[in-house]
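Student: below are the sequence and a predicted model for it; my questions follow.
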Amino acid sequence: MTDRTYTARWRSYLNTAGSGLQSRETREAVADYLTLEGTVGSYFAERAYAELIEEGVYRGVARLFNCPREAVAMSDSATRAWHSGVAALTLTARDIVWTTPYEWAGNLLLLKNLQRSAGFTIQEIPLTPCGDVDVDWCGRHISDRVALISVTHMPSCTGAVTPLGPFSQLVRDRRTLLAVDACQSAGNVPIDLTATPVDLLTANGKKSLLAPRGTGFAVMSPRFRASADPVSVDVHTHAFAPGGGGIRRLTDSARRFELGEKSVPAFVGFDTALRQALHNDWDRTAALSRHLRVRAGRIPGLRVHAPGTHHTGILCVTHERLTPERLWHTLCRAGVACWLIDGAHTPNHLLRAGIPQAVRLAVGPRTTREEIDYAIGVLEETGGRGATVPAMGRQEREYSA
């Protein structure tokens, strides 16, 4: 793809699974902060925004996910939040860690690195014939040796949503901790951590929460915080004891897993985006996702990869005659923002299924039915004309709010 293929004037934006489009209010909040920072310097600007940075953004996560503020830790990405939490656990050769075939490669890489030093066993939970994570198998095989269950709430390559309730019930009254990667589901589906408690939930702001890049967070249960010891600590949450007698905590909240430095402008925008996300219409997103999946499934030659029984947000497609890269080029040139995904990023699902690449279409909180219908029209025309759809012309429109 050449630079000329990229455009700010998409007819259809279906790349929220990569990065959502920020609202005008979010962009203005970031710009206002940067203007102040350019005038008084970053330290004084941060001080002027202290309530928002120290309380407001934590309040926003707590309200959206119905959890206590002390359970929230900020990070610069979902991956770093997940790594910081899981690497803080003390796992031994006796322990078993369960993952699913939908696990993000970055999480698997960390587990493999930790396994080399700690010696624990990594075991994969099987899928049912229809593609759901097999909760019944978990119920039959759970034991006190299972120290951690890692569940990807919604994979980056498919909109298959794994219900969290059965896993929350499964680990109740056990030593087993439940870690949930909600990178793609946060902002796309409702998550209530009081009704469905988990021990570690991580996500970022840049996708369906429509916040700036460089924002992420973790929500940690009391028992997770009690059993985990962060690998890296910083001076805003830890200090040397008087007389050099060791390190003492300045807080028992999840903030002790943070580092002090953060992109303040990004988190100013994150605060605005979190408040707006409280008004997300979950049913509307689900209905648009169904509309996309059903219409795409009717296109001759287009292969829709949608395992599982619960879907929303993401659709992964390939074409029987066109390479994924050519299909992606064609869609982008016709004004459909989507993404070419690498099967190696979900190796135990896409690569195992023989799909090294695919095109990902992703619905988000701002997606309209007209955008989906336009994208479907391009896909239909692409299949019929052998990928000769022209670039956007007179009907292009700009996203501005």
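Tutor: Nice, thanks for sending it over. All values reported here derive from a predicted model rather than from experimental measurement. Numbering: from 1, shown residues only.
Student: neighbours around the closest residue to residue 40 other than its chain neighbours, how many?
Tutor: Nearest residue to residue 40, sequence neighbours excluded (Cβ to Cβ, 6 or more residues apart in numbering): residue 48, at 7.6 Å. Where you see a C-beta, it was placed from the backbone N, CA and C, and this is true even at glycine. If you count neighbours by other Cβ atoms under 10 Å, residue 48 ends up with 14.
Student: go on, residue 261?
Tutor: Per other Cβ under 10 Å, the neighbour tally for residue 261 reads 9.
Student: swap in the one 5 residues further on?
Tutor: Neighbourhood size, residue 266 [other Cβ under 10 Å]: 19.
Student: check the secondary structure at it for me.
Tutor: Recorded secondary structure, residue 266: helix (DSSP: H, G, I helix; E, B strand; the rest coil).
Student: do the one 4 residues further on as well
Tutor: With three-state DSSP as the basis, residue 270 sits in helix.
Student: what's the burial count for residue 108?
Tutor: 16.
Student: same thing with residue 50?
Tutor: 10.
Student: contacting residues around it?
Tutor: Under the criterion of Cβ atoms under 8 Å, 6 or more residues apart in numbering, residue 50 has no neighbours.
Student: for residue 56, see how far away it is.
Tutor: 10 Å (Cβ to Cβ, to the nearest Å).
Student: same deal with residue 129?
Tutor: Counting by Cβ to Cβ, the separation of residue 129 from residue 56 is 47 Å.
Student: okay, the two: which has more neighbours?
Tutor: residue 56 (18 against 8).
Student: can you verify the more buried one is assigned to a helix?
Tutor: Yes - membership of residue 56 in a helix is supported by three-state DSSP.
Student: burial of residue 33, as a residue count?
Tutor: 23.
Student: where does it fall, secondary structure wise?
Tutor: Per DSSP states H and E, residue 33 falls inside helix 24-40.
Student: surely the residue nearest to residue 40 meets residue 36?
Tutor: Yes - look at residue 48 against residue 36 with Cβ atoms under 8 Å: they come within range, at 6.5 Å.
Student: related to what we said a few turns ago, report pLDDT for the residue nearest to residue 40.
Tutor: Note on residue 48: pLDDT of 98.
Student: next one: residue 261
Tutor: pLDDT at residue 261 comes out at 88.
Student: helix/strand/coil for it?
Tutor: Applying three-state DSSP: residue 261 is coil.
Student: what does residue 102 give?
Tutor: Looking at residue 102 with three-state DSSP, the answer is coil.
Student: that one: neighbour count?
Tutor: Neighbour count of residue 102, defined by other Cβ under 10 Å: 26.
Student: what sits closest to it if chain neighbours are left out?
Tutor: Per Cβ to Cβ, 6+ apart, closest to residue 102 is residue 155, 3.9 Å.
Student: same question, residue 107
Tutor: In space, residue 107 comes closest to residue 82 once its chain neighbours are excluded; the distance is 5.9 Å by Cβ to Cβ, 6+ apart.
Student: helices or strands next to the helix or strand the one you found falls within in the packing?
Tutor: Following DSSP H and E, one finds residue 82 within helix 78-86. Contact partners of helix 78-86 among helices and strands, from 3 or more Cβ pairs under 8 Å, 6 or more residues apart in numbering; DSSP states H and E: strand 72-75, helix 105-118, strand 177-181, strand 200-204, strand 216-220.
Student: now the following helix or strand past that helix: buried residues?
Tutor: On the C-terminal side of helix 78-86, the nearest following helix or strand under DSSP H and E is strand 96-99. For strand 96-99, the neighbour count (16 or more other Cβ atoms under 10 Å) marks 96-99 as buried.
Student: with stretch 215-226 instead?
Tutor: Within stretch 215-226, judged by 16+ other Cβ under 10 Å, the buried ones are 215-221, 224-225.
Student: ditto for stretch 64-75
Tutor: Judged by neighbour count using 16+ other Cβ under 10 Å, the buried positions of stretch 64-75 are 64-65, 67, 70-75.
Student: ok, of these, which one's closest to residue 255?
Tutor: Nearest to residue 255 among these: residue 73, at 5.7 Å, using Cβ to Cβ.
Student: mind giving me the packing neighbours of the helix or strand harbouring residue 225?
Tutor: According to DSSP H and E, residue 225 maps onto helix 222-227. Packing partners of helix 222-227 (3+ Cβ pairs under 8 Å, 6+ apart): strand 177-181.
Student: go again with 10 Å.
Tutor: Packed against helix 222-227 by the contact rule (3 or more Cβ pairs under 10 Å, 6 or more residues apart in numbering; DSSP states H and E) you find strand 177-181, strand 200-204.
Student: packing partners of the first one?
Tutor: Counting contacts by 3+ Cβ pairs under 10 Å, 6+ apart, strand 177-181 packs against helix 78-86, strand 96-99, helix 105-118, strand 146-152, helix 165-171, strand 200-204, strand 216-220, helix 222-227.
Student: using PDB, write down the CA coordinates of the third one.
Tutor: So the one you mean is helix 105-118. Output in PDB follows, covering the C-alpha atoms of helix 105-118 (Å, rounded to 0.1, in the frame of the first residue of the first chain):
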ATOM      1  CA  ALA A 105       0.400 -13.800  20.800                       C
ATOM      2  CA  GLY A 106       1.900 -11.100  23.000                       C
ATOM      3  CA  ASN A 107       0.400 -12.800  26.100                       C
ATOM      4  CA  LEU A 108       1.600 -16.200  25.000                       C
ATOM      5  CA  LEU A 109       5.100 -14.900  24.500                       C
ATOM      6  CA  LEU A 110       5.200 -13.600  28.100                       C
ATOM      7  CA  LEU A 111       3.900 -16.900  29.400                       C
ATOM      8  CA  LYS A 112       6.500 -18.800  27.500                       C
ATOM      9  CA  ASN A 113       9.300 -16.600  28.900                       C
ATOM     10  CA  LEU A 114       8.000 -17.000  32.400                       C
ATOM     11  CA  GLN A 115       7.600 -20.700  32.000                       C
ATOM     12  CA  ARG A 116      11.300 -21.000  31.200                       C
ATOM     13  CA  SER A 117      12.300 -19.700  34.600                       C
ATOM     14  CA  ALA A 118       9.400 -20.900  36.700                       C
END
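Student: ok, then the element right after that helix?
Tutor: Proceeding N to C from helix 105-118, the next assigned helix or strand is strand 121-124, under DSSP H and E.
Student: ok, now which ones touch the residue of the chain positioned farthest from its centre?
Tutor: What lies farthest from the middle of the chain is residue 243; by Cα atoms, centre = their mean that is 43.8 Å. Going by Cβ atoms under 10 Å, 6 or more residues apart in numbering, residue 243 touches no other residue.
Student: alright, I will stop here.
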